[in-house]
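Colleague: sequence and predicted structure are below.
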Amino acid sequence: MEWVRGETIGYGTFSTVSLATPSNIKGSGEYPSLMAVKSSNSYGGIANEKSVLDSLGDCPEIVRCFGEDQTVEKGEKLHNLLLEYASRGSLASQLKKLNGEGLPETTVRRHTGSVLRGLRRIHSKGFAHCDIKLENILLFGDGAVKIADFGLARELTASKEGVEIRGTPLYMAPESVNYNEYGAAADVWALGCAVVEMFSGETAWSVEEGSHFMSFLLRIGVGEELPRVPEELSEEGKDFLSKCFVKDPEKRWTVEMLLNHPFVAVDCEDDDYDQRDELCLKGKDKVSKSPRCPFGFPDWESMSSESEIQYQPLDSPVERFASLVSESIPNWSVSEGWVTVR
Ligand SMILES: Nc1ncnc2c1ncn2[C@@H]1O[C@H](COP(=O)(O)OP(=O)(O)OP(=O)(O)O)[C@@H](O)[C@H]1O
């Protein structure tokens, strides 16, 4: 399909997302008149995302892919992935418009149910998403909520050796920090963090400015502490989170179990949904920008490609942390200050 690039609508760590329209409307009946195109000068993430999306097939809770191609623009070779366009942006951008407030619980329940159904498809096809966060949950004009960004997704059978941080640390599960495990259970932990953020408008972990990265990893991996559960959340919501925030991945509830939890299994009245969502729609969308340098840790850039890492088996969490951290102090203030590490 021939297509024309439109305005930029989002930035990721390794890609730019723009609007795209088919250039020959007549001959493009199977494609929508407006799409999103994710473009990157590196092939790995785009290729992985395309291959995972192909394996997942059509699912109402997963962003659709219309194909991939390469272009040369301003002398630069770009790899492009054509995707369904989410006209209402990401949950992160929606939340930003609420100025620190969260979404009504009925809306959170509905969105959580959608993400769970998307995760059910991902896990049943033998993959883990590995980067569930509000930036990767997209909102559509018809009210649909879909999971996007499969650049980090990987097969559940993939090896877990070595030292690797995948995804966004604020959403990382204890077993990922400690043992490099990025399975279906780690997606459930990340979903719990996303639910807290959706409801409260604040990240599930509160981290003081100037805190050291290593101490944060220790809090997730070694300590007894769990992510914050908002006081104002209903008892059902608190119970739902208590099933997500179980340190032992074997004891954590699976997506299938959570789909039967009353927090999402019961259809809620959506009275307050429309009002608050309308308010969000009225705000003008701004292009979201992630910092280009992961965490403000200059030396973390060397971890951007798995193939470049010389893996050493490390047994203890402390050894692993020591190999992952630098001396620099990151900006902890908000989740958007974090970027995905590949
Ligand atoms: N299909 C889409 N429709 C509308 N907006 C989109 C779409 N896909 C992505 N975006 C916007 O672009 C942003 C970046 O996209 P995406 O997360 O896929 O890129 P990325 O390079 O994989 O990001 P990162 O790896 O930093 O998480 C999203 O947070 C969202 O705001």
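Modeller: Yep, that arrived. Numbers count the residues shown, from 1 in each chain.

Colleague: and after the host helix or strand of residue 115, which helix or strand comes next?
Modeller: Per DSSP states H and E: residue 115 is located in helix 105-124. Following helix 105-124 in sequence order, the next helix or strand is strand 127-128 (DSSP H and E).

Colleague: and the ligand, is the helix holding residue 115 touching that?
Modeller: No. Against the ligand, helix 105-124 shows no contacts by C-beta under 6 Å from any ligand atom, the least distance being 13.7 Å. (C-beta placed from N, C-alpha, C; glycine too.)

Colleague: what's near enough to touch residue 84?
Modeller: 32, 35, 36, 63, 64, 65, 66, 140, 146 (C-beta atoms under 8 Å, 6 or more residues apart in numbering).

Colleague: how about 6 Å then?
Modeller: 63, 64 (C-beta atoms under 6 Å, 6 or more residues apart in numbering).

Colleague: show the model's pLDDT score for it.
Modeller: Here, the pLDDT recorded for residue 84 equals 97.

Colleague: for it, grab phi and psi.
Modeller: Dihedral angles of residue 84 (phi, psi; degrees, to the nearest 10) stand at phi -60, psi 140.

Colleague: for it, name its beta-bridge partners.
Modeller: Residue 84 has these beta-bridge partners by DSSP bridges: residue 35.

Colleague: okay, the spatially closest residue to residue 83 that is not a sequence neighbour: pLDDT?
Modeller: Of all residues not flanking residue 83 in the chain, residue 36 sits nearest, at 4.6 Å (C-beta to C-beta, 6 or more residues apart in numbering). What the model reports for residue 36 is a pLDDT of 97.

Colleague: burial of residue 36, as a residue count?
Modeller: Residues contacting residue 36 under the criterion other C-beta atoms under 10 Å number 22.

Colleague: what number of residues lie near residue 254?
Modeller: With other C-beta under 10 Å as criterion, residue 254 counts 15.

Colleague: against residue 181, how distant is it?
Modeller: 15 Å (C-beta to C-beta, to the nearest Å).

Colleague: contacting residues for the residue nearest to residue 83?
Modeller: Contacts for residue 36 (C-beta under 6 Å, 6+ apart) come out as 17, 83, 85.

Colleague: and it, how far from residue 89?
Modeller: Residue 36 sits 10 Å away from residue 89, going by C-beta to C-beta.

Colleague: what does residue 248 give?
Modeller: Using C-beta to C-beta, residue 248 is found at 36 Å from residue 89.

Colleague: how about residue 178?
Modeller: Taken as C-beta to C-beta, the span from residue 178 to residue 89 is 34 Å.

Colleague: higher neighbour count, the two?
Modeller: residue 89 (23 against 19).

Colleague: where does the more buried one land on pLDDT?
Modeller: So residue 89 comes in at 95 (pLDDT).

Colleague: do residue 209 as well
Modeller: On the pLDDT scale, residue 209 gets 81.

Colleague: pretty sure it is in a strand, no?
Modeller: No. Secondary structure of residue 209 (DSSP: H, G, I helix; E, B strand; the rest coil): coil, not part of a strand.

Colleague: so what's the residue count around it?
Modeller: 9.

Colleague: for it, phi and psi?
Modeller: Taking degrees, to the nearest 10 as the convention, residue 209 sits at phi -60, psi 140.

Colleague: distance of residue 129 relative to the ligand?
Modeller: To the ligand, residue 129 is 11 Å away according to C-beta to the nearest ligand atom, to the nearest Å.

Colleague: I figured that residue hits residue 189, correct?
Modeller: No. With contact defined as C-beta atoms under 6 Å, residue 129 does not reach residue 189; the gap is 11.8 Å.

Colleague: between these two, who's got more neighbours?
Modeller: With neighbours defined as other C-beta under 10 Å, residue 129 and residue 189 compare such that residue 129 has more, 28 against 25.

Colleague: ok, residue 119 to residue 15 distance?
Modeller: 22 Å.

Colleague: which of the two has more neighbours?
Modeller: Neighbour totals were compared for residue 119 and residue 15, and residue 119 leads with 27 against 22 (other C-beta under 10 Å).

Colleague: give me the neighbour count for the residue lying closest to that one once chain neighbours are set aside.
Modeller: The shortest distance from residue 119 to any non-neighbouring residue, by C-beta to C-beta, 6+ apart, is to residue 255 (4.6 Å). Other residues lying near residue 255 total 21 when counted by other C-beta under 10 Å.

Colleague: alright, I will stop here.
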